[in-house]
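In: just a sequence and a predicted model for now, questions to come.
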2 protein chains.
Amino acid sequence: MSDHPGQPVAPIEAFEPPYYVAVFTTVRSPEQDGYRETNARMEELVREVPGYLGMDHAQTPGGLGITVGYFRDADALTRWRTDAEHRAAQRRGRDQWYQSYTLHVAKVERSHGFSRP
Amino acid sequence: MSDHPGQPVAPIEAFEPPYYVAVFTTVRSPEQDGYRETNARMEELVREVPGYLGMDHAQTPGGLGITVGYFRDADALTRWRTDAEHRAAQRRGRDQWYQSYTLHVAKVERSHGFSRP
């Protein structure tokens, strides 16, 4: 993710459409036991999904978190959604780590980037 | 936005597809003069766009910011993109406030929400 220490902070680039975004907006619960380890494992695991393009993440302290995953096509997203280890993490998220969340899965029609010269 | 003081923090709900998301990922520059006022004005202005559904925002301190705007259809997004005051703010963003950004505009195909009972 983009807020890891030691990595330069930059948004993920604009890919050539079509591609998919999975927008995951979260408010965490007070029960965070095991979250960090599982999150790190999921970041590792998603990189193995063919068609995975990258991820952006931002977290307001004590507030909303937004993770955006980028995928080349719907098959890549299906593979990630149905991964057994990921499914177990999803269940634990509902049971323990999240107060509330929303997932929006969408097909990108246009995109562009800007970077200061 | 969801991180305003005094407002309860919750992600925007899952609407009935299809609808649109505009995912705006940013890294700010050191030049932030006028940003806060313009941002507040843009939040006010976008609410007047017919078909505007809501907005999520998260900001990692010193890192990435992600704003996700939700719109009922492509017309609503076009109206917002081409608003004269918004266009002036976009120019100022490139000239001054942003080190880099990416915009992904996408049509939502499925969504779901979770809230702890």
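Out: It's in.

In: ok, residue A:89 - contacts?
Out: Neighbour list for residue A:89: A:38, A:41-42 [criterion: CB atoms under 8 Å, 6 or more residues apart in numbering or on different chains]. Every residue, glycine included, has its C-beta placed from N, CA and C.

In: likewise residue A:110?
Out: Here residue A:110 is in contact with A:17, B:105 (CB under 8 Å, 6+ apart).

In: helix, strand or coil for it?
Out: strand (DSSP: H, G, I helix; E, B strand; the rest coil).

In: do I have it right that residue A:74 meets residue A:20?
Out: Yes - Residue A:74 lies in contact with residue A:20 (CB atoms under 8 Å); the separation is 6.3 Å.

In: out of the two, which sits in the busier spot?
Out: It is residue A:20, of residue A:74 and residue A:20, that has more neighbours when counted by other CB atoms under 10 Å in any protein chain shown, with 24 against 14.

In: buried subset of the contacts of residue A:89 as a ChimeraX selection?
Out: Selection command for ChimeraX covering only the buried members of these, criterion 16 or more other CB atoms under 10 Å in any protein chain shown:
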select /A:38,42
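
In: got the contacts of residue A:89 as TSV, with pLDDT columns?
Out: Shown next, in TSV, are these (pLDDT from 0 to 100):
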residue	pLDDT
A:38	98
A:41	98
A:42	97
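
In: quick one: low-confidence ranges for chain A?
Out: A:1-8 (pLDDT under 70).

In: buried set for the top helix by length along it?
Out: Counting by DSSP state H, the longest helix found in chain A is helix A:35-46. Neighbour-count burial for helix A:35-46, counted by 16+ other CB under 10 Å, picks out A:35, A:38-39, A:42, A:46.

In: before we move on, what about stretch A:63-77?
Out: Neighbour-count burial for stretch A:63-77 flags A:63-72, A:76-77 (criterion: 16+ other CB under 10 Å).

In: how distant is it from the center of its chain?
Out: Relative to the centre of its chain, stretch A:63-77 is centred 5 Å away, using CA atoms, centre = their mean, to the nearest Å.

In: is it anywhere near chain B?
Out: Yes - applying CB under 8 Å from any CB of the partner chain, one finds stretch A:63-77 in contact with chain B at A:63-66, A:68, A:70.

In: which of the buried residues of stretch A:63-77 fall within strands?
Out: If you go by DSSP state E, those have A:65-71 in strands.

In: got CSV for the residues you listed, with distance to residue B:58 too?
Out: As requested, these are exported to CSV (distance: CB to CB, whole Å):
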residue, distance to residue B:58
A:65, 6
A:66, 4
A:67, 9
A:68, 10
A:69, 15
A:70, 17
A:71, 20
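
In: before we move on, the earlier item: which outside residues touch the helix or strand that comes right after the longest helix of chain A?
Out: Counting by DSSP states H and E, the next helix or strand C-terminal to helix A:35-46 is strand A:52-59. The contact list for strand A:52-59, computed with CB under 8 Å, 6+ apart, reads A:1-3, A:11-13, A:15, A:19, A:43, A:46, A:65-72, A:76, A:80, B:25, B:58-60, B:63-66.

In: CA atoms of strand A:52-59 as CSV?
Out: Taking only C-alpha atoms (Å, rounded to 0.1, in the frame of the first residue of the first chain), the coordinates of strand A:52-59 have been written out as CSV:
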residue,chain,number,x,y,z
TYR,A,52,-3.9,-7.6,-10.3
LEU,A,53,-2.6,-4.1,-11.2
GLY,A,54,-2.1,-2.4,-7.8
MET,A,55,-3.7,-0.8,-4.8
ASP,A,56,-4.1,2.6,-3.2
HIS,A,57,-4.9,3.1,0.5
ALA,A,58,-5.6,6.1,2.7
GLN,A,59,-6.7,6.1,6.3
